[in-house]
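Chemist: Pasting the sequence and the predicted coordinates here, then a few questions.
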Amino acid sequence: MTRNDQLAGQAGAQSFHDCQERTVSEPLFKGAHQALTYAFNYSAGALDRPAMVKMADRTPRTGRGLAGVDGAAQAGFILRELQALSPLHQRILEARFMPQTTPCPCCRSSVWDQDWFAAVRAVSEGVMLSGIFSGQIVHRAVRDGIVARYFAEKGNRSRVLLKDLALHAGVSERTVTDQNGKITIWLRGARVVRKGAGVVEDGKKGEEARAMELIESVLRGAGIVGENEAAA
Ligand SMILES: [Zn+2]
């Protein structure tokens, strides 16, 4: 958000020229997943040099690449394209791709990254606006926790346990499990929804899948993502 704006700003200031050149060069990323992983890690300073070089291996041998200033500009371009999406979809992609933890300034222990958690909270607000809980009261800390758990990387999932959320909010574990199921389906979608014996309904597309499809098409349109036409 602020960080992204800064980066997008830097990239913009730095270059109309880069932009012109970029549109005539080959796409740099195979897909939106790779492009977003690159951009969000770069903007957080979390990408080490070997990782950058590895991600840049599709760059054609034109002397241009993702190292140094060009890398920052590229990350800025990608993050700027996100603005074509709705705020909810932007926050979903931030929650999925931003680094999740950071060393605590006081004790260096690993804590949730504030920017990441802000994205999680915004998605949690989106859950309430979506209407999936119409008329039902959902404790804010519970839904924030459920959304954090949904996006948490494997190693971070144990930081949010449904039974702890229930305990802190003073609601039953069963209630939290039920709310977790609804939120997860809203975000992840469901292949098939079974209703009663033998009746199968079509699956529902999740909001995360919608966000990925949209950004994939936006990045493809911008020439950032696509097939690499074999550079001889
Ligand atoms: Zn601390």
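Modeler: Received it, and whenever you're ready, just let me know what you need.

Chemist: From now on I want contacts and neighbour counts done on CA atoms only, so please keep to that.
Modeler: Noted.

Chemist: name the helices or strands packed onto the host helix or strand of residue 141?
Modeler: Using DSSP states H and E, residue 141 sits within helix 140-151. On a contact count with 3 or more Cα pairs under 8 Å, 6 or more residues apart in numbering; DSSP states H and E, helix 140-151 meets helix 114-130, helix 162-169, helix 173-188.

Chemist: pLDDT score assigned to the residue nearest the centre of the chain?
Modeler: The centroid of the chain falls nearest to residue 93 when counting by Cα atoms, centre = their mean (2.4 Å). Per-residue confidence (pLDDT) for residue 93: 98.

Chemist: what's near enough to touch it?
Modeler: Going by Cα atoms under 8 Å, 6 or more residues apart in numbering, residue 93 touches 208, 211-212.

Chemist: Repeat that for residue 179.
Modeler: Applying Cα under 8 Å, 6+ apart, one finds that residue 179 lies in contact with 138, 143.

Chemist: quick revisit: the residue nearest to the centre of the chain looks like it's in a helix, true?
Modeler: Yes - judged by DSSP: H, G, I helix; E, B strand; the rest coil, residue 93 forms part of a helix.

Chemist: Get me the contact residues on this structure for the ion.
Modeler: Within the chain, the positions near the ion by Cα under 5 Å from the ion are 104, 106-107.

Chemist: Output stretch 216-230 as CSV, nothing but the C-alphas.
Modeler: The C-alpha coordinates for stretch 216-230 follow below in CSV (Å, rounded to 0.1, in the frame of the first residue of the first chain):
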residue,chain,number,x,y,z
GLU,A,216,-3.3,-12.7,-14.9
SER,A,217,-5.2,-11.0,-17.7
VAL,A,218,-4.1,-7.5,-16.8
LEU,A,219,-0.4,-8.5,-16.6
ARG,A,220,-0.7,-10.4,-19.9
GLY,A,221,-2.3,-7.4,-21.5
ALA,A,222,0.6,-5.3,-20.2
GLY,A,223,3.2,-7.7,-21.7
ILE,A,224,4.6,-8.5,-18.3
VAL,A,225,3.4,-12.0,-18.3
GLY,A,226,3.2,-14.3,-21.3
GLU,A,227,4.8,-17.0,-23.4
ASN,A,228,8.5,-16.4,-24.2
GLU,A,229,8.9,-16.7,-28.0
ALA,A,230,12.2,-18.5,-28.0
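
Chemist: quick one: buried residues of that stretch?
Modeler: 216, 218-220, 222-226 (16 or more other Cα atoms under 10 Å).

Chemist: Just give me how far the helix holding residue 141 sits from the chain centre.
Modeler: Counting by Cα atoms, centre = their mean, to the nearest Å, helix 140-151 is centred 15 Å from the centre of its parent chain.

Chemist: how much does it deviate in direction from helix 114-130?
Modeler: Relative orientation of helix 140-151 versus helix 114-130 (axes from the mean of the first three to the mean of the last three Cα atoms, to 10 degrees): 110 degrees.

Chemist: what mean pLDDT would you report for helix 140-151?
Modeler: For helix 140-151, mean pLDDT is 97.

Chemist: before we move on, what about stretch 116-129?
Modeler: In this model, stretch 116-129 has an average pLDDT of 96.

Chemist: Poorly predicted segments of the protein, please.
Modeler: Applying pLDDT under 70 to the chain flags residues 1-26, 46-70, 192-195, 197-202, 228-232.

Chemist: Please enumerate the strands of it.
Modeler: Residue ranges of the strands in the chain, as given by DSSP state E, are 101-103, 110-112, 189-194, 200-205.

Chemist: Pop the domain breakdown of the protein in here.
Modeler: As given by automatic domain parsing, the domain ranges for the chain are 3-84+216-231, 88-196.

Chemist: Quick one: end-to-end distance for the longest one.
Modeler: It refers to domain 88-196. In domain 88-196, first residue to last residue: 33 Å (Cα to Cα, to the nearest Å).
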